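Asker: Next comes the sequence, and after it the predicted model I'd like to discuss.
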Amino acid sequence: MNAWAEFLNNNDKLIHKFEHYFPIYERHFKSYANKSLVFLEIGVGEGGSLQLWRKFFGPLAVIVGIDIDPNCKRHESPGINIRIGDQSDSVFLDSIIKEFGTPDIVLDNGSHIQAHVLKSFLHLYPKVSKNGIYLIEDLHTAYWPEFGGGIENPNTFINFSKRCVDKINAYYTRGAIQSDLITSQTRSIAFYDSVICYEKGYINRRNLTPKSRSSTDVDTVNSQRVFDKLCGRIDHQIDSIPIVTINYNTPELVGDLIGSLRNFYRNRVYIIDGSDDPEKAAGVRALTMKYDNVELIPFGYNIHHGPGMAWAFANLNLGNKVLVMDSDCTVLKNGFLESMVEHLKEDMYGVGCLTPISESGYPPKEGEVGFPYLSAVLMLLNLQIVKQFPLPTKHGAPMLSPMLTLHKQGLSHLLKNIDWVFEDLTENSAKRYIEHPWQGTSSRTGGYHLS
Ligand SMILES: C[S@@+](CC[C@H](N)C(=O)[O-])C[C@H]1O[C@@H](n2cnc3c(N)ncnc32)[C@H](O)[C@@H]1O
């Protein structure tokens, strides 16, 4: 849906927007359309803009408007949540987050009083999701005294934002400017006529060395991906893929996995932890403090690989695509997730490393015809399809049951082998993206528990 077309054709509630805001919305909001997100608008007015956002962001979005005027409650309708309160009241703002969750986009079109705009921003910005957007409109008011504005007034939101430009570059000021949350969590600040838009995001401030002539094609593709990320052309679809890993008493391995992953990706990681040794369990818990966006599900007993995955697929709010990684994997290079996403078409079960297997769960014996088995060490899945088949089970080959069913139904073509995944998971091969010690976890924790 196009916000501008909707604005032009709107015969419903009044929308208060300048024309030139629409290309700005298109630029900053478009990639969120039809995704699951929490959108918060400060200032409901006549209720028209919330109707617009409801249509623009689509059915998965949670749309919330807040306003100080109790009359605005009348604009509430199914799919449009309105709460009454003051945008400069941090307790009220926290109650909104508590009720609806972390906002992905905040649009401030409220009082336009500079002190209010700044107060809401300082309180909400740290709480907006890591790749979220904070957009403030009608900032011409920053030049008008009746809104607390003035060209020389250091407390207007425009003058505050000018200083944030230096904050983004704090690392290069040789100590003159202290880095802060703006430095560490802001990818860009865009200034427009009457509008400022903050784009949150982690910046990997590494110096890239130019590629030598001998680079392989894969390296060229990879460096292009790194470049795209640094340019802010990141794909929200990639960043929003959750990662599930099952652990048993090996905090050091999960630590290496997440540490190496965080060199390149900020994706949410779910640790399904079956550690039954209290010291090891505490070690795993400590990782949730050390790394951002990590959620621990502690079982306190060895849930095993297959049941751990099955539990995660059935009980966590994972969305459709999910990446499963063994806790003894380490990530060597950026771009592996993008590559896997490229291979996984919407109607497929999953992609990764395919090897032949027999019904007993072992490689086929000579003369025996096997069927394709998707290794659970590293696989990207479409959960909607996965859930139509038996879930993984407690078995040395935890994917055996779904693989056998796919095979018997003639559906093994819903699986795809990716050459580099196959290579990376092969013992003694040259690794491209992922290092995986052969039988790393099972050798530490007493075997495969075939049953
Ligand atoms: C320009 S209107 C919003 C228009 C609407 N977003 C649209 O685009 O159609 C501004 C709204 O901000 C509300 N407002 C004023 N001061 C506020 C405050 N301190 N906290 C929350 N809302 C406030 C007003 O009641 C008014 O409804």
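Answerer: On my side now, so go ahead. Given the structure is predicted, the values throughout are model-derived calculations rather than measurements.

Asker: Could you check how many residues crowd around whichever residue of the stretch 51-200 of the chain sits closest to the ligand?
Answerer: Using CB to the nearest ligand atom, the single residue of the stretch 51-200 of the chain nearest to the ligand is residue 111, 3.0 Å away. (Each C-beta comes from the backbone N, C-alpha and C, glycine too.) Look at residue 111: counted by other CB atoms under 10 Å, it has 21 neighbours.

Asker: what sits against the residue nearest to it when sequence neighbours are not counted?
Answerer: The shortest distance from residue 111 to any non-neighbouring residue, by CB to CB, 6 or more residues apart in numbering, is to residue 87 (6.4 Å). Contacts here follow CB atoms under 8 Å, 6 or more residues apart in numbering; on that basis residue 87 touches 42-43, 66, 68, 93, 108, 110-111, 116, 119-120.

Asker: at 7 Å what do you get?
Answerer: By CB atoms under 7 Å, 6 or more residues apart in numbering, residue 87 lies in contact with 42, 66, 110-111, 116, 120.

Asker: Looking at those residues, which are in helices?
Answerer: Under the assignment DSSP state H, the contacts of residue 87 contribute 116, 120 to helices.

Asker: could you redo the contacts of residue 87 as a markdown table and give each row distance to residue 402?
Answerer: Output for those, formatted as a markdown table (distance: CB to CB, whole Å):
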| residue | distance to residue 402 |
| --- | --- |
| 42 | 47 |
| 66 | 45 |
| 110 | 51 |
| 111 | 55 |
| 116 | 54 |
| 120 | 48 |
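
Asker: For ChimeraX, write the select line for the buried members of the contacts of residue 87.
Answerer: Buried members of the contacts of residue 87 can be picked out in ChimeraX with the line below, counting by 16 or more other CB atoms under 10 Å:
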select :42,66,110,111,116,120
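
Asker: okay, now residue 297: neighbour count?
Answerer: Count around residue 297 with other CB under 10 Å applied: 17.

Asker: Backbone dihedrals for it, please?
Answerer: Here is the backbone geometry of residue 297 (degrees, to the nearest 10): phi -120, psi 100.

Asker: Please name the bridge partners of it.
Answerer: For residue 297, the beta-bridge partners are residue 272 (DSSP bridges).

Asker: near the ligand, which residues of the stretch 1-150 of the chain?
Answerer: Counting by CB under 6 Å from any ligand atom, the stretch 1-150 of the chain comes close to the ligand at 15-17, 41-46, 48-49, 66-69, 72, 86-88, 109-111, 116.

Asker: Can you turn the buried part of the residues you listed into a ChimeraX selection?
Answerer: Provided next is the ChimeraX selection string for whichever of those are buried by 16+ other CB under 10 Å:
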select :15,17,41,42,43,44,45,48,49,66,67,68,72,86,87,88,109,110,111,116
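
Asker: okay, and for the stretch 101-250 of the chain, where does confidence drop off?
Answerer: 204-236 (pLDDT under 70).

Asker: quick one: the helices in it?
Answerer: Per DSSP state H, counting those that start in this stretch, the stretch 101-250 of the chain carries helices over the ranges 114-124, 157-168, 181-185, 217-230, 236-239.

Asker: So residue 424 sits against residue 430, correct?
Answerer: No - the pair residue 424 / residue 430 is not scored as a contact, 8.8 Å apart, by CB atoms under 7 Å.

Asker: So between these two, which is more surrounded?
Answerer: A count of neighbours by other CB under 10 Å puts residue 424 above the other of residue 424 and residue 430, at 22 against 7.

Asker: For the more buried one, list the residues it contacts.
Answerer: Contacts were defined as CB under 7 Å, 6+ apart; by that measure residue 424 touches 431-434, 436.
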